[in-house]
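Undergrad: sequence below, structure please.
(chains A and B)
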Amino acid sequence: MSEKKKSFGTVFKEALFDNNPVLGQLLGMCSTLAVTTSVVNSIGMGVATTAVLFFSNIFISLLRNFIPKEVRIASYIVIISGFVTAVQFLMQAYVEDLYESLGLFIPLIVVNCIILGRAEAFASKNNVAASALDGLVMGIGYTVALIVLGTVREIIGNGSFLGYKLFGESFEPVTMVSQAPGAFIILGCLIALMNFMLSRKKSKEAKKQ
Amino acid sequence: MKDILILMLTAVLIENYIFSRFLGICPFLGVSEKPDTALGMGFAVMFVMTLSSAATYAVYEYVLVRFDLEYLETIAFILIIATLVQFIEMFLKRFIPSLYGALGIYLPLITTNCAVLGAVLLNVDNGYNFVESIAFGFSSALGFTLAIVIFAGVRMRVSLAEPPKAFKGTPIALVTAGLIAMAFSGFSGMKF
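TA: Numbers count the residues shown, from 1 in each chain, chains lettered A, B, ... in the order given. The predicted structure follows:
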């Protein structure tokens, strides 16, 4: 990412597809698997993580010249957990249902590898505007992956989308999909689909040349 | 005593850390290529999780609650875990070099392992006392070790097979994990 002046579009596309935090880099798996039982939960978790990522990237970028190299990881963790605590209280105050259903995984945003990873790899080396953009784009990439997984699991596992029933009475939902085994299997299939599309794109480009 | 045993059995089998709580998935996928390394990681997690359950209980009960600072729990706990891991690393390097050689490379990874932070937060959420906290920390880590060792064993066999090209690597590992999770969900029928 050192070469500057990549257009916003390319950066955005990279975060969504080639370099997607969940489907490409396999970061933040715990929360991905745990909260994607429904679309609403996925959106909530995605927005919360994006907010933390955005603000912690800005802060770490602002402080990048003041934090001594030896204690940088510890400092990043303190900054991140400060924002996570703030998000946790905001959610408890305004969206309590969502707070209850995400439960333990809101404080666990602290140890989500995406956030520490972006802090170390990007925000500690770049200026504030670029870091803010990076946080936002990576957060959106994470959210999109979560929503895709949540949509598939909610439709198959519960027969609904955003809480609305999609099928008639006779539909028998495959509950296994909304439980633990389904999370692993569906995510595996999604990553495989992603690999398949990327390799097809590559072979098409090779043919063009 | 009976309660403690039930709590431990539940944490190991029924609410297994990997297969039903989804905590510690990163090391579960990352260091499960061979059963030996998986076992090493498992022991390191057991060590850190038992000690940090004890340490965070003391800090929560005698510092945070006393001064009405419960809202700082996330920050306090992650700092305690980070320092504890550093101390354990230094202690082992100085006094038990053989154990350090075996666990050394896994220890730094554990700081950002959501399994440990998850366990200490669950201790507080469930209102466990000192003994229960330690029992829960230890047995959750035992469940984690059991899961990661079983998975590493299965993964060695899977690596010899030939899945479709797109499924190579992580996707097939995730599907394998899903099948083991299905087997583990059989334990959820156990009632005490």
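
Undergrad: and for the residue positioned nearest the centre of chain A, nearest residue in space, chain neighbours not counted?
TA: Chain A has residue A:142 as the residue nearest its centroid, 2.4 Å off, counting by C-alpha atoms, centre = their mean. Spatially, and ignoring its direct neighbours in sequence, residue A:142 is nearest to residue A:21 (4.8 Å; C-beta to C-beta, 6 or more residues apart in numbering or on different chains). C-beta coordinates here come from the backbone N, C-alpha and C atoms, glycine included.

Undergrad: what helices or strands is the longest helix seen in chain B leaning on?
TA: If you go by DSSP state H, chain B has its longest helix at helix B:130-158. Under the contact definition 3 or more C-beta pairs under 8 Å, 6 or more residues apart in numbering or on different chains; DSSP states H and E, helix B:130-158 sits against helix B:2-9, helix B:25-30, helix B:35-59, helix B:114-125, helix B:170-184.

Undergrad: of those, which stretch is the most buried?
TA: helix B:114-125 (a mean of 24; mean count of other C-beta atoms under 10 Å in any protein chain shown).

Undergrad: how far does that helix sit from the chain's center?
TA: For helix B:114-125, the separation from the chain centroid amounts to 10 Å (computed by C-alpha atoms, centre = their mean, to the nearest Å).

Undergrad: could you export stretch A:98-109 as PDB, CA atoms only?
TA: Coordinates of each C-alpha in stretch A:98-109 appear next as PDB, following Å, rounded to 0.1, in the frame of the first residue of the first chain:
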ATOM      1  CA  LEU A  98     -28.900  -5.900  19.600                       C
ATOM      2  CA  TYR A  99     -26.600  -5.500  22.500                       C
ATOM      3  CA  GLU A 100     -28.200  -8.500  24.200                       C
ATOM      4  CA  SER A 101     -28.000 -10.800  21.200                       C
ATOM      5  CA  LEU A 102     -24.300  -9.900  20.400                       C
ATOM      6  CA  GLY A 103     -23.400 -10.200  24.000                       C
ATOM      7  CA  LEU A 104     -19.800 -11.200  24.700                       C
ATOM      8  CA  PHE A 105     -18.700 -10.400  21.200                       C
ATOM      9  CA  ILE A 106     -18.900  -6.700  21.600                       C
ATOM     10  CA  PRO A 107     -16.100  -6.400  24.200                       C
ATOM     11  CA  LEU A 108     -14.200  -9.000  22.200                       C
ATOM     12  CA  ILE A 109     -13.900  -6.500  19.300                       C
END
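
Undergrad: residue B:148 versus residue B:159, what's the distance?
TA: 16 Å (C-beta to C-beta, to the nearest Å).

Undergrad: neighbour count for these two, which is higher?
TA: Counted by other C-beta atoms under 10 Å in any protein chain shown, residue B:159 and residue B:148 do not tie: residue B:148 has more neighbours, with 26 against 14.

Undergrad: my guess is that one contacts residue B:16, does it?
TA: No. Applying C-beta atoms under 8 Å as the test, residue B:148 and residue B:16 come out as separate, 10.8 Å apart.

Undergrad: below-threshold pLDDT in chain A: ranges please.
TA: Within chain A, the ranges that satisfy pLDDT under 70 run A:1-6.

Undergrad: hmm, 50 instead?
TA: A:1-3 (pLDDT under 50).

Undergrad: can you point me to the longest helix in it?
TA: If you go by DSSP H, chain A has its longest helix at helix A:128-158.

Undergrad: the residue nearest to the centre of chain A contacts residue A:46, doesn't it?
TA: Yes. In this structure, residue A:142 is within contact of residue A:46 by C-beta under 8 Å, at 6.0 Å.

Undergrad: picking that back up, contacting residues for the residue nearest to the centre of chain A?
TA: Applying C-beta atoms under 8 Å, 6 or more residues apart in numbering or on different chains, we find residue A:142 in contact with A:20-22, A:28, A:46, A:49-50, A:53, A:114.

Undergrad: and the one helix or strand residue A:176 maps to, which residues are buried?
TA: Element membership of residue A:176, judged by DSSP states H and E, is helix A:175-178. Within helix A:175-178, the residues scored as buried using 16 or more other C-beta atoms under 10 Å in any protein chain shown are A:176-178.

Undergrad: what's the following helix or strand after that helix?
TA: helix A:180-208.

Undergrad: pull out the buried residues from that following helix.
TA: Buried positions in helix A:180-208, judged by neighbour count with 16+ other C-beta under 10 Å: A:180-192, A:194-195.
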